[in-house]
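S.K.: What would the 3D arrangement of this be:
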Amino acid sequence: MLSETMCWHFNQPSRGAINREPIVGEFFSTDIIRNQTEALVRESIQNSLDAARNGETVRVRFFVSGSTAAPSPEKMSRYMAKGWPHFLAERNGLRDQPDQQQPCPFLVIEDFGTTGLTGSVEQCWLENTARNPFYYFFRAEGQSGKSERDRGRWGVGKTVFPRSSRINTFFGFTVRQDDARQLLMGRAVLRSHYVSGDYFAPDGFFGLCDESGFPLPIDDENLIQQFRQDFRLQRKNETGLSVVVPYCDEEITYEGLLEAVIRQYYYPLLSDNLQVTIASPDREVVLNSETLLREIEKTHSDSTAELRALIQLTQWANQQCEEQMLTLSPPSSQESLKWSSAWFGEQQIAEMRTRLEKGEMLAIRVPVTVREKKQKERKSFFDVFFVRDGNNESSRPVFIREGIIISDIRPSRNRGYRSIVIVEDRPLATLLGDSENPAHTQWQKDSSNYKGKYMYSDRYIPFVTRSVAEIIQAITEEQNRVDPTLLLDIFSLPAPQPEESAKTRKDKPQPKKGNESDVVDPPPARPQRFRVKKVEGGFSVLNGGGAASLPDSLLVRVAYNVRRGNPLKKYSPADFTVENLDVTSQGVEINRMERNEILAKVVDPVFALTVTGFDENRDICVKVNAIQEDADDPKA
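M.R.: Modelled structure (predicted):
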């Protein structure tokens, strides 16, 4: 028999039970996740994508009430019945409790095109039965019913909802695909606390209790209709889940939600797997493949240009079919998870280099074999997309696993290239998903879901994360080989003259007697006015160390070596600009630095000009000209 009134229920722990305080919300306190809004967006949309009905685009709606649409204390009384003594109790873990006499600002997250929270509402512990999303969402923590087809693994993502509330509370209203039932329930996550001298466990539930005190969801149509009106839900009979976060964190704003959705989910938006609406009482925006770029331009963020470049590359990537991609050929199985020249054919390298030189984008498929212990090996792949984009800043690849950006992977940077690595194929996506931390920001070889599960488990992650750098190096390796004759006119020295043997002198015509002046010794080598020395990451221009007169000024020009032609003529600001390199000097005054040139006045006989910060995987060409004060500076 159920109680007649919906209210909050907190249990008292049995004697001898171990007291544990909830800490899983701290999994989302990370420097890589910028703020609470970003954590909320990442996890809530991920859960919605995992619950998608086959073949449907998932639609997610965020609504921020602000003070304008906040329900009055009188309206909130029906949803806070018997709850305030717990929410205002001392040592309950809340640090910023709201005033119960004030209106309640709230946040709504609704998804459509999803299955809703199906499964038995009476299940109270883990069972080896049918999948039960209702149980995992409301009654479990650190347990997950998700399979390898899903993006989540840890069963802690839902903690972002109470963590976004000043009373660590959320309500869930669901319409279920399996039986079309409409159900409403609430959950609070506090710390163990006392109310009127009685000791209570951290977890509380909003609903109706059976005769044993077990909380069950509300299915009364009138009560649910009132709830929908009070919190401005759009859901009527559509299957899915609507989450309401009462007394939401003031840091969660319309603008913050918009930026977080764009940053974290541009890939499924562009792929038409996701559509997101951000709304408030006075404005609304719909993000999809057609509106995304337009909305980015309106944000006026410092990263707008970077996002635009990534989205343009992603749009192009989504248009590529398998036949349009360059597929690498893995070597023997022993070496298939190690990068080497065996992965690349000469014809492929030539084609990729030609397309890069033309400014075209590249789409490369990398086959891998996933070897799970005690299972048959499975063929899989991941895709690499990149372009030489003219950006002088070094950038790291963006890694995307099944629509989620894995934001804390830090391979080597690639100056002048924009790149994304997409893992969608099931076997490899499952493997990498197993290696992720709870916040889905890293791939970790020591993750408890990953370690010991796969053969060669220490090789997969670095193989994927180093893919962009390895492919770029393979393309540019031959292009960057040193041509020993290229700079002879700059760094040439007189070849030593071997002493002539007596036999050689006999064979040579001898000068006539009395004409000694016809025998002319070769002139001595001219003293060097400066010299160029290679240093780690760059070069130094130093005084020549001889009796030569000092130059008044030095004009230094530098460029990356190229396969054909004059490197200096083919210099591009996309490679570097000297203003962004590390320049140190002694005995010279730098008058100008721009593009690939430095003009420096020599003020001391012992001088040194050192430039470092170049890409160490590429060779550089340096040309230095001495300039006299009475000569015109060709670049002045």
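
S.K.: From here on, just use CA atoms for contacts and neighbour counts.
M.R.: OK.

S.K.: Report the residue spans of the stretch 101-250 of the chain with pLDDT below the cut-off.
M.R.: The stretch 101-250 of the chain contains residues with pLDDT under 70 at 129, 142-157.

S.K.: Do a quick rundown of the strands in it.
M.R.: 106-112, 169-175, 182-189, 193-195, 198-200, 203-209, 215-216, 240-246 (DSSP state E, counting those that start in this stretch).

S.K.: Can you redo those strands as JSON lines, where the extra columns are mean neighbour count?
M.R.: Output for the strands of the stretch 101-250 of the chain, formatted as JSON lines (neighbours: other C-alpha atoms under 10 Å):
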{"stretch": "strand 106-112", "mean neighbour count": "25"}
{"stretch": "strand 169-175", "mean neighbour count": "25"}
{"stretch": "strand 182-189", "mean neighbour count": "23"}
{"stretch": "strand 193-195", "mean neighbour count": "17"}
{"stretch": "strand 198-200", "mean neighbour count": "14"}
{"stretch": "strand 203-209", "mean neighbour count": "23"}
{"stretch": "strand 215-216", "mean neighbour count": "24"}
{"stretch": "strand 240-246", "mean neighbour count": "26"}
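
S.K.: Of all these, which one comes closest to Glu357?
M.R.: strand 106-112 (44.9 Å; C-alpha to C-alpha).

S.K.: list the helices and strands that closest one packs on?
M.R.: On a contact count with 3 or more C-alpha pairs under 8 Å, 6 or more residues apart in numbering; DSSP states H and E, strand 106-112 meets strand 58-64, strand 240-246.

S.K.: Could you dump the ones you listed into a markdown table with distance to Asn437 added?
M.R.: As requested, the helices and strands packed on strand 106-112 are exported to a markdown table (distance: least, C-alpha to C-alpha, whole Å):
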| stretch | distance to Asn437 |
| --- | --- |
| strand 58-64 | 25 |
| strand 240-246 | 24 |
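
S.K.: And those: which comes nearest Gly537?
M.R.: Using C-alpha to C-alpha, these put strand 58-64 closest to Gly537, at 48.8 Å.

S.K.: Mind checking what helix or strand follows that closest one in sequence?
M.R.: Following strand 58-64 in sequence order, the next helix or strand is helix 73-77 (DSSP states H and E).

S.K.: how about that following helix: buried residues?
M.R.: For helix 73-77, a neighbour-count test (16 or more other C-alpha atoms under 10 Å) marks 73, 76-77 as buried.

S.K.: Can you get me a residue count around the closest residue to Asn92 other than its chain neighbours?
M.R.: Using C-alpha to C-alpha, 6 or more residues apart in numbering and skipping residues adjacent in sequence, the residue nearest Asn92 is Arg191, 4.7 Å away. Burial measure for Arg191: 21 neighbouring residues, criterion other C-alpha atoms under 10 Å.

S.K.: same thing with Val160?
M.R.: Residues near Val160, counting by other C-alpha under 10 Å: 25.

S.K.: That one is in contact with Leu40, isn't it?
M.R.: Yes - here Val160 reaches Leu40: they are 5.4 Å apart, a contact under C-alpha atoms under 8 Å.

S.K.: For Ala305, which of the strands of the stretch 101-250 of the chain is the nearest?
M.R.: Each of the strands of the stretch 101-250 of the chain was scored for nearness to Ala305 using C-alpha to C-alpha, and the closest is strand 106-112 (29.2 Å).

S.K.: Quick one: end-to-end length of stretch 451-468, please.
M.R.: One end of stretch 451-468 to the other measures 25 Å (C-alpha to C-alpha, to the nearest Å).

S.K.: residues in contact with it?
M.R.: 337-339, 370-373, 384, 397, 409, 411-412, 419, 421, 432, 435, 443-445, 450 (C-alpha atoms under 8 Å, 6 or more residues apart in numbering).

S.K.: Mean pLDDT per helix and strand in the protein: which one sits at the bottom?
M.R.: Scoring the helices and strands of the chain by mean pLDDT, DSSP states H and E places helix 488-491 at the bottom, with a mean of 46.

S.K.: Which residues belonging to stretch 280-288 are considered buried?
M.R.: 280, 286-288.

S.K.: At which residues are the strands of the stretch 251-400 of the chain located?
M.R.: 274-280, 283-287, 326-327, 362-370, 378-388, 394-395, 398-401.

S.K.: and those strands as a markdown table, adding mean pLDDT and distance to Thr314?
M.R.: Formatted as a markdown table, those follow (pLDDT from 0 to 100; distance: least, C-alpha to C-alpha, whole Å):
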| stretch | mean pLDDT | distance to Thr314 |
| --- | --- | --- |
| strand 274-280 | 98 | 15 |
| strand 283-287 | 97 | 16 |
| strand 326-327 | 94 | 17 |
| strand 362-370 | 95 | 11 |
| strand 378-388 | 95 | 8 |
| strand 394-395 | 71 | 16 |
| strand 398-401 | 94 | 10 |
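
S.K.: so can I have CSV of the ones you listed showing distance to Gly213?
M.R.: Formatted as CSV, the strands of the stretch 251-400 of the chain follow (distance: least, C-alpha to C-alpha, whole Å):
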stretch, distance to Gly213
strand 274-280, 38
strand 283-287, 42
strand 326-327, 61
strand 362-370, 48
strand 378-388, 49
strand 394-395, 57
strand 398-401, 43
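
S.K.: Can you verify my assumption that Ala317 contacts Phe385?
M.R.: Yes - the pair Ala317 / Phe385 is scored as a contact, 6.7 Å apart, by C-alpha under 8 Å.

S.K.: what is in contact with these two at once?
M.R.: Ala363.

S.K.: which stretches of the stretch 301-450 of the chain have low pLDDT?
M.R.: In the stretch 301-450 of the chain (pLDDT under 70), the answer is 301-303, 333-335, 390-394.

S.K.: Please enumerate the helices of it.
M.R.: Assigned by DSSP state H, counting those that start in this stretch, the stretch 301-450 of the chain shows helices spanning 304-318, 346-357, 426-434.

S.K.: for these, which one ends up most surrounded?
M.R.: helix 426-434 (a mean of 22; mean count of other C-alpha atoms under 10 Å).

S.K.: Can you name the element that comes right after it?
M.R.: Helices and strands here follow DSSP H and E; after helix 426-434, the next one along the chain is helix 457-465.

S.K.: ok and that following helix relative to strand 378-388, angle-wise?
M.R.: With axes from the mean of the first three to the mean of the last three C-alpha atoms, to 10 degrees as the basis, helix 457-465 and strand 378-388 are set at 30 degrees to each other.

S.K.: quick one, helix 457-465 and helix 426-434 angle?
M.R.: Using the same axes, to 10 degrees: helix 457-465 against helix 426-434 is 100 degrees.

S.K.: if you average pLDDT over whichever helix or strand comes after helix 457-465, what comes out?
M.R.: Per DSSP H and E, the first helix or strand lying C-terminal to helix 457-465 is helix 467-477. The average pLDDT within helix 467-477 is 88.
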